[in-house]
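**Student:** predicted model, plus sequence, below.
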Amino acid sequence: MDIDNISELIPQPVPLRDIDDSPGPCCMSFGFDLNPLIQSIEKVGLINPPLLKRDNQGSITIIIGYRRIKALKSLKADGAGCRILSGDDILPVECLLLNLYDNLAVRKLNDVEKGMVLARLIPWIKTLEIVEHYMPFLGLPSNRATLSSYLKIEEEMEVRVRESIACGQLSLRNAIMLLDIDSISRSSIIDLISNLKLTVNQQRQLIEYTVDLSHIQGRPIPDFLDDQSIKEINSDTRMNNPQKGRALIRYLRMKRYPSVSKAERKFKKMISRLNLGKTVKIDHSPSFESPYYRLEVLFKDGQSLREKLENFMREDIDSLRDPWKKKK
Amino acid sequence: MDEGVQKYKSTKSILLQLKDIPVRAEKDDGPEEVACVSNELKRDMGKDTMHLVSYQGEFLKPCPGTKEYICCGYQILNVGTNCPLDCSYCILQTYFNRPNLRVHVNLEEQLGQVFQTIDSDPDKIFRVGTGEFTDSLALDPIIRWSETILRGFSERKNTVLELKTKTANTAGLLGSKYRDRIIVSWSLNSPFISCREEHGAVSLTRRLECARECQSEGFTIGFHFDPIIQHSNWMDEYRKTVDLMDKYIEPEGIIWMSLGSFRFMPALKPIIRRRHPETSILDGEFVLGLDGKMRYFKPIRMELYAFLNELLHQWHPDLGLYLCMESNEVWQESMGWRPETSEGLGNYLDERVRNFFG
């Protein structure tokens, strides 16, 4: 059978119970919502017949139409009109590519599904070709480090984490950070991320701080995240999720960077003692690394600038110093 | 070894040294990238494989400093990359896309060009070192750099060659007749860090015994406290090292000592965590520096440097102490003076060279 002629195959009725619907070597569907497809089939029936493969032992696997078969089964249909190829007619890699092109023609794959595709391509296609051709085709940067990350997500991550990635709750970059810790710790971090709906940046900080603190304190991550202070933040009914997220990160940062946090607090206190109003602001550089501070004045014209600067000069600005230095 | 390197003298000499080691010639396909490198290789970085290559880049290159911090203006003689030692803090761990102990076997043939560069600027002092991308002496018993590169540096009046190591492989050096303008230096740390983090390096005592031997054999010596790492009892621990130095070394023969606190590219952190899960070197408060590297929060660095500066100054007031990649502000606060610019620091070190070697 020439795969160019697949469209000429006449669909024939196949009992659904005969079709193996476990995610097979061609499957690239993960974390999807079946309901729209179920509703569509209920209303207008099956429009596109799935493509199946029957091997020499007679067992039938899905090449194209994994979701359609799943939807039909959940509708308790007995059978469906499908195109069937014999196992001898088509190579496994051709099945895989058929499914890939079919999927990409109608939808965007999520990051987990992209990992599934790449993992399934690896046994058949040279790495260089995957990197140069298939990765851009999947909308991914064409480099081996990215390939390695996607493969690891597919091969090493638990279903729960992969679900978080697929639904966009956990960013891929943060998921990669989770690869380096054990699955129980991963699970407790994912719990916090999904309970508090942390932003991508907060997720990164949460992972980084907890991994570091667990090392420093010699405590497992789940044990550390079970601390009373963290529980209190999590269960505080006066705060909404974004507020809880911010409070959690603030707490962890203070634990991880006590000296930096202390300097920031002291600096804030020093500035608050000056009567600067709302239009004059003094800032420090990130982590005080630069020796300079920044003064920002909002003014309308030369005269208002002069007034603001004169007022500013009347304040005790000589008291400003690096917060870790003692008073002169 | 790469195809075609058999013709180099150094290759022949190395192969003669390693008679019982299997050798394979292969085409260099450029950098192997992460996905292609097996987990095993990532863990050991190919430290059990020596790769003889003909290096096509420039052999003499300025140390890649940044304008945000003051750099000493060192020149790197690129004799090879990667190192058989396995210090947990080592920056070379990010180079695992180029695994193995890579030895640039065409060095001897390219030295002429290196000296041409040095000779073309007779008023400039070239402070040159081989210890940036590898340990200067770890492979010397096999490669015998001490036989090939000392002479050219020793004979010139506008250069010095510094060999930086954490090993006791000084036999080749001691057997050489060249002493002038050659500096042998050891990286030092606290006993706590040395024992736990400098895997494969010899003990501090052994390093200092070697330094003493080199000193008594007429070599000028140097030391480098880099990376200084904050850890429990760090003051007492670093004091122990300085006490040991006092026991073994004549401080008048030290041309310089650098101090540098631990700093690293952010990409190194997960690699260290993976390769050295028990390490405590990442426990400190690291913030993003102006050069994009993570470094200790500024007052912590100032405290580390000020403590060591005082300790070392008490031992001897003229050790040529300098900070590696720091700001004027940190210099002033911890050392009591500042070089203002990289050129200023370069001048200070050049003056040390003139005082020691004329």
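**Tutor:** Yep, it's here.
**Student:** for the stretch 201-350 of chain B, give me the ranges with low pLDDT.
**Tutor:** Within the stretch 201-350 of chain B, no range satisfies pLDDT under 70.
**Student:** just the closest residue of it to chain A, please.
**Tutor:** residue B:287 (3.5 Å; Cβ to the nearest Cβ). C-beta here means a position set from N, CA and C on the backbone, and glycine is covered the same way.
**Student:** name the helix or strand for that residue, please.
**Tutor:** Using DSSP states H and E, the element containing residue B:287 is strand B:286-288.
**Student:** for that strand, name the packing helices and strands.
**Tutor:** Under the contact criterion of 3 or more Cβ pairs under 8 Å, 6 or more residues apart in numbering or on different chains; DSSP states H and E, strand B:286-288 touches strand B:294-296.
**Student:** anything in the following helix or strand past the strand it packs on near chain A?
**Tutor:** Sequence order places helix B:298-315 as the next helix or strand after strand B:294-296, per DSSP H and E. Yes. Contact of helix B:298-315 with chain A (Cβ under 8 Å from any Cβ of the partner chain) involves B:298-300.
**Student:** burial count for residue A:303?
**Tutor:** For residue A:303, the tally of surrounding residues (other Cβ atoms under 10 Å in any protein chain shown) stands at 9.
**Student:** and for the one 10 residues further on?
**Tutor:** A count of neighbours around residue A:313, defined by other Cβ under 10 Å, yields 8.
**Student:** mind checking how far it is from residue A:280?
**Tutor:** Noted for residue A:313: a distance of 11 Å to residue A:280, by Cβ to Cβ, to the nearest Å.
**Student:** likewise residue B:228?
**Tutor:** Distance check for residue B:228 against residue A:280: by Cβ to Cβ, it reads 40 Å.
**Student:** confirm residue B:281 sits in a helix?
**Tutor:** No. Going by DSSP: H, G, I helix; E, B strand; the rest coil, the assignment for residue B:281 is coil, not a helix.
**Student:** tell me the contacts of the closest residue to residue A:86 other than its chain neighbours?
**Tutor:** The shortest distance from residue A:86 to any non-neighbouring residue, by Cβ to Cβ, 6 or more residues apart in numbering or on different chains, is to residue A:54 (5.9 Å). Contacts for residue A:54 (Cβ atoms under 8 Å, 6 or more residues apart in numbering or on different chains) come out as A:60, A:84-87.
**Student:** mind putting those into JSON lines with distance to residue B:51 and pLDDT?
**Tutor:** Shown next, in JSON lines, are the contacts of residue A:54 (distance: Cβ to Cβ, whole Å; pLDDT from 0 to 100):
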{"residue": "A:60", "distance to residue B:51": "52", "pLDDT": "92"}
{"residue": "A:84", "distance to residue B:51": "54", "pLDDT": "92"}
{"residue": "A:85", "distance to residue B:51": "49", "pLDDT": "89"}
{"residue": "A:86", "distance to residue B:51": "50", "pLDDT": "84"}
{"residue": "A:87", "distance to residue B:51": "46", "pLDDT": "74"}
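**Student:** need the helices for the stretch 1-150 of chain B, in chain order.
**Tutor:** B:9-17, B:39-44, B:107-119, B:140-143, B:145-148, B:150-154 (DSSP state H, counting those that start in this stretch).
**Student:** residue A:136: how many residues sit nearby?
**Tutor:** So residue A:136, with other Cβ under 10 Å, has 11 neighbours.
**Student:** please apply the same query to residue B:120.
**Tutor:** Residue B:120: 8 neighbours (other Cβ under 10 Å).
**Student:** repeat for residue B:197
**Tutor:** Residue B:197: 25 neighbours (other Cβ under 10 Å).
**Student:** now it, nearest residue through space, not along the chain?
**Tutor:** Looking at residue B:197 with Cβ to Cβ, 6+ apart, the closest residue is residue B:88, at 4.5 Å.
**Student:** residues touching the residue of the stretch 151-300 of chain A found nearest chain B, list them.
**Tutor:** Here the stretch 151-300 of chain A gets closest to chain B at one residue, residue A:287, 3.5 Å apart by Cβ to the nearest Cβ. By Cβ under 8 Å, 6+ apart, residue A:287 lies in contact with A:260, B:287-288, B:297-298.
**Student:** ditto for residue B:222
**Tutor:** Neighbours of residue B:222 in contact, by Cβ under 8 Å, 6+ apart: B:162, B:164, B:183-186, B:254-257, B:320.
**Student:** which ones among the residues you listed also lie next to chain A?
**Tutor:** Answer for the contacts of residue B:222 near chain A: none qualify (Cβ under 8 Å from any Cβ).
**Student:** mind putting those into CSV with neighbour count and secondary structure?
**Tutor:** Output for these, formatted as CSV (neighbours: other Cβ atoms under 10 Å in any protein chain shown; DSSP: H, G, I helix; E, B strand; the rest coil):
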residue, neighbour count, secondary structure
B:162, 25, strand
B:164, 22, strand
B:183, 24, strand
B:184, 26, strand
B:185, 25, strand
B:186, 27, strand
B:254, 26, strand
B:255, 21, strand
B:256, 23, strand
B:257, 23, strand
B:320, 18, coil
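**Student:** I am finished for the moment; much appreciated.
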